[in-house]
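# following is a predicted model, sequence given first.
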Amino acid sequence: DSGVTQTPKHLITATGQRVTLRCSPRSGDLSVYWYQQSLDQGLQFLIQYYNGEERAKGNILERFSAQQFPDLHSELNLSSLELGDSALYFCASSADPGSYNEQFFGPGTRLTVL
Amino acid sequence: ELKVEQNPLFLSMQEGKNYTIYCNYSTTSDRLYWYRQDPGKSLESLFVLLSNGAVKQEGRLMASLDTKARLSTLHITAAVHDLSATYFCAVDTKTHPPAISNFGNEKLTFGTGTRLTIIP
């Protein structure tokens, strides 16, 4: 158990819908990262937040957005869902400041878009 | 754009044998991570390699980093069935422009993964 929690574990929805994935980082970690894992794209970095501020963006679609709240939990919002958005979405957290960036991953949310 | 390549992509090996997984990356970085993922599960951190020549060992797994060659290896010794999993390397690079501090703006770029199957 990494200490990172994610809800829900599974999510089944229809195309065109909007969903919200939630992540709570390890106690004391200020950075939260979101990743998407799919068979065709592998593990892709989406976005990073540090202490409430967006710090880095990866291959995140405009239909997707995220935020980190004052209590440091984070939410990833996916809208206008398409079949291709079906994937495992992982949240990771790391301690900052630090000399390295070991990230600890949550159990993931499996999103199925029908 | 940073590219991280692993080979092989698939590896089937017998119990008791030794083998090495390779991770090549295309840009300067002195921080590399290895993760393990069981089917349908999360990623588990295995090793953090922070400098050229770093070597870490845990049980039957040993990881090393050569930053000049931009190469990391994960060596498996006397494989056992419990080691069956997918192994990922990930390279740490700072995004640009840098944030206010030196922290909090790193991103990990993952390799394609190596699916390892240990056969009794």
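Thanks, I have it.

# count of residues packed around the residue nearest to residue B:78 when sequence neighbours are not counted?
Excluding its sequence neighbours, the residue lying closest to residue B:78 (C-beta to C-beta, 6 or more residues apart in numbering or on different chains) is residue B:16, at 5.4 Å. Backbone N, C-alpha and C define where each C-beta goes, glycine included. Counted with other C-beta atoms under 10 Å in any protein chain shown, the neighbours of residue B:16 add up to 11.

# doesn't residue B:16 belong to a helix?
No: using DSSP: H, G, I helix; E, B strand; the rest coil, the assignment for residue B:16 is coil, not a helix.

# what's the burial count for residue 44?
No chain specified, so I'll use chain A. By other C-beta under 10 Å, neighbour count at residue A:44 equals 16.

# that was the other one, I meant chain B.
Using other C-beta under 10 Å, residue B:44 is surrounded by 14 other residues.

# spatially nearest residue to it (excluding sequence neighbours)?
residue B:36 (4.8 Å).

# look up phi and psi at the closest residue to residue B:30 other than its chain neighbours.
In this structure, residue B:30 finds its nearest non-sequential neighbour in residue B:67, 5.0 Å apart by C-beta to C-beta, 6+ apart. Here is the backbone geometry of residue B:67 (degrees, to the nearest 10): phi -70, psi -30.

# output the below-cut-off pLDDT ranges for the chain.
As the question left the chain open, I've gone with chain A. In the predicted model of chain A, residues A:96-101 satisfy pLDDT under 70.

# can you look at chain B instead?
Flagging of chain B using pLDDT under 70 yields the residue ranges B:94-106.

# which parts of it are strands?
For chain B, strands defined by DSSP state E occupy the ranges B:4-7, B:10-14, B:19-25, B:32-37, B:43-49, B:55-58, B:61-66, B:71-76, B:85-94, B:106-110, B:114-119.

# so what strands line up beside the fourth one?
If you go by DSSP bridges, strand B:32-37 pairs up with strand B:43-49 (antiparallel), strand B:85-94 (antiparallel).

# and among these, the most buried is which?
When the strands paired with strand B:32-37 are scored by mean count of other C-beta atoms under 10 Å in any protein chain shown, the highest mean neighbour count falls to strand B:85-94 (a mean of 22).

# how about that one as PDB, C-alpha atoms only?
Taking Å, rounded to 0.1, in the frame of the first residue of the first chain, the C-alpha atoms of strand B:85-94 are listed here in PDB:
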ATOM      1  CA  ALA B  85       5.200  -8.900 -13.900                       C
ATOM      2  CA  THR B  86       5.600  -5.900 -16.200                       C
ATOM      3  CA  TYR B  87       8.700  -3.700 -15.500                       C
ATOM      4  CA  PHE B  88       8.900  -0.100 -16.400                       C
ATOM      5  CA  CYS B  89      11.800   2.300 -16.300                       C
ATOM      6  CA  ALA B  90      11.100   6.000 -16.000                       C
ATOM      7  CA  VAL B  91      13.300   9.000 -16.600                       C
ATOM      8  CA  ASP B  92      13.000  12.200 -14.700                       C
ATOM      9  CA  THR B  93      13.300  15.500 -16.600                       C
ATOM     10  CA  LYS B  94      12.500  19.000 -15.500                       C
END
